[in-house]
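Participant: Okay, sequence plus prediction incoming.
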Amino acid sequence: MASGKSTIGPILANTLGWSFFDVDKEIEKQEGIKITQIFKSKGEDHFRSVESKILRNLSEKNNVIISLGGGTIADNNNFKIIKATGKLIYLKSSAETAYKRLRYKTDRPALLVDGEDLPTKEQLLMKINELQRNRKAYYEKSDFLIDTDVETVGRTVDKIAHYIKNEIKPGKKKSEKDIS
């Protein structure tokens, strides 16, 4: 979450000549409403079900960079799909960096605090830390980690492109999963 996936993913895909997909955007496209509305009107279970179906479909494609929502890998079936069909790249950011990038955003259901549009800094940092703690076990199983707190976008893209070119061999399924 707030690690730079939406910025880095399309640039990386363009650098490699691959396609880029953002799972959250694909969900909104399919459902015809924003994620916050999906959570409010249809619930998280519906959202996660649609998320899994879209992930399965995108994972069948070759030569793609897929930006996952922060919680996508916290589902064991999703995690198995990701690891079986591509490389899991963890764009790591600190809670403080995530806070700076998210402090004015109201489109993140996982960060909303009971009825408040903009949580306090303390509330938001507490939520971010909790989410990072809960997802840490999955993130630590990534194939490649890069800290976006210390790397520029250009260097991050270069490092990931280099990793992909070395890891993806001709004849192998060429599918990448981008995560934070």
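Facilitator: The structure has been received and is ready for your questions.

Participant: the helices in the chain, which residues?
Facilitator: Assigned by DSSP state H, the helices in the chain fall at 5-16, 23-31, 35-41, 43-59, 76-85, 95-102, 121-139, 153-167.

Participant: Compare those and give me the one nearest residue 66.
Facilitator: Between residue 66 and the helices of the chain, the shortest gap by Cβ to Cβ is with helix 43-59, which sits at 5.2 Å. For glycine as for every other residue, the C-beta is placed from the backbone atoms N, C-alpha and C.

Participant: contacting residues around that closest one?
Facilitator: For helix 43-59, the surrounding residues in contact (Cβ atoms under 8 Å, 6 or more residues apart in numbering) are 21, 23, 26-27, 30-31, 35, 38-39, 64, 66, 68-69, 71-72, 75, 77-78, 81-82, 85-86, 109, 175, 177.

Participant: and with 10 Å instead?
Facilitator: Contacts with helix 43-59, where a contact means Cβ atoms under 10 Å, 6 or more residues apart in numbering, come from 19, 21-31, 35, 38-39, 42, 64, 66, 68-69, 71-75, 77-78, 81-82, 84-86, 109-110, 173, 175, 177.

Participant: Buried ones among those residues?
Facilitator: 21-24, 26-28, 31, 35, 38-39, 64, 66, 68-69, 71-75, 78, 81-82, 85-86, 109-110, 175, 177 (16 or more other Cβ atoms under 10 Å).

Participant: that older thread, dump the helices of the chain to a markdown table, plus distance to residue 147 and mean pLDDT.
Facilitator: Formatted as a markdown table, these follow (distance: least, Cβ to Cβ, whole Å; pLDDT from 0 to 100):
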| stretch | distance to residue 147 | mean pLDDT |
| --- | --- | --- |
| helix 5-16 | 13 | 96 |
| helix 23-31 | 23 | 97 |
| helix 35-41 | 26 | 92 |
| helix 43-59 | 25 | 96 |
| helix 76-85 | 20 | 95 |
| helix 95-102 | 10 | 87 |
| helix 121-139 | 12 | 89 |
| helix 153-167 | 9 | 95 |
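
Participant: Dump these to CSV, plus distance to residue 146.
Facilitator: As requested, the helices of the chain are arranged in CSV below (distance: least, Cβ to Cβ, whole Å):
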stretch, distance to residue 146
helix 5-16, 9
helix 23-31, 20
helix 35-41, 25
helix 43-59, 22
helix 76-85, 17
helix 95-102, 13
helix 121-139, 12
helix 153-167, 6
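
Participant: tell me the most buried of these?
Facilitator: helix 5-16 (a mean of 19; mean count of other Cβ atoms under 10 Å).

Participant: Tell me the helices and strands packed up against that one.
Facilitator: strand 19-22, helix 23-31, strand 64-67, strand 87-92, helix 153-167, strand 175-179 (3 or more Cβ pairs under 10 Å, 6 or more residues apart in numbering; DSSP states H and E).

Participant: Could you export those as TSV, including distance to residue 128?
Facilitator: Listed next are the helices and strands packed on helix 5-16 as TSV, based on distance: least, Cβ to Cβ, whole Å:
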stretch	distance to residue 128
strand 19-22	20
helix 23-31	17
strand 64-67	18
strand 87-92	13
helix 153-167	20
strand 175-179	16
